[in-house]
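Trainee: Compute the structure for the input listed below.
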Amino acid sequence: MSQSIHGHQVMQLMLEQGGSFTSASLEALMKETFGEDSEYHTCRQKGMNAQQLIVFLAERGKFIEAKQGFTTAESKICSHK
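Mentor: Below is the predicted model:
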């Protein structure tokens with residue numbers, strides 16, 4: 001059975017890993033960390049796969065462009081539960 005991971009956890013993982021990511025490298029890290037079959041959700045949307053979550057977060061300005069991809073910042077993670 002797959003687990004559902006909140007987008008905040010993915011952003012926190014990015015901060016812990018440091019550096020920049022591409023969509024492909026972030027998706028690979030998500031699958032390695034949370035499992036191939038994991039689903040993702042946010043405060044607004046449920047049932048996403050890894051790539052759908054990456055697009056969702058990018059569209060909402062949660063990533064910061066970097067020389068080789070993108071990063072995120074603690075301030076980009078909303079504080080509501």
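
Trainee: alpha carbons only for contacts and neighbour counts from here, please
Mentor: Noted.

Trainee: can you tell me which residue is nearest the centre of the chain?
Mentor: Val10 (3.8 Å; CA atoms, centre = their mean).

Trainee: pretty sure that residue contacts Leu29?
Mentor: No - contact criterion CA atoms under 8 Å: Val10 and Leu29 do not qualify, at 9.3 Å.

Trainee: Contacts only, for Phe21.
Mentor: For Phe21, the contact set (CA atoms under 8 Å, 6 or more residues apart in numbering) comprises Gln68, Gly69, Phe70, Thr71.

Trainee: if we can go back for a sec, can you tell me which helix or strand the residue nearest to the centre of the chain belongs to?
Mentor: helix 7-17 (DSSP states H and E).

Trainee: Check which residues of that helix are buried.
Mentor: Buried residues in helix 7-17, counted by 16 or more other CA atoms under 10 Å: Gly7, His8, Val10, Met11, Met14.

Trainee: Show the pLDDT at the third one.
Mentor: The predicted local distance difference test score for Val10 is 97.

Trainee: how about it, what does it touch?
Mentor: Going by CA under 8 Å, 6+ apart, Val10 touches Met30.

Trainee: change it to 7 Å
Mentor: Contacts for Val10 (CA atoms under 7 Å, 6 or more residues apart in numbering) come out as none.
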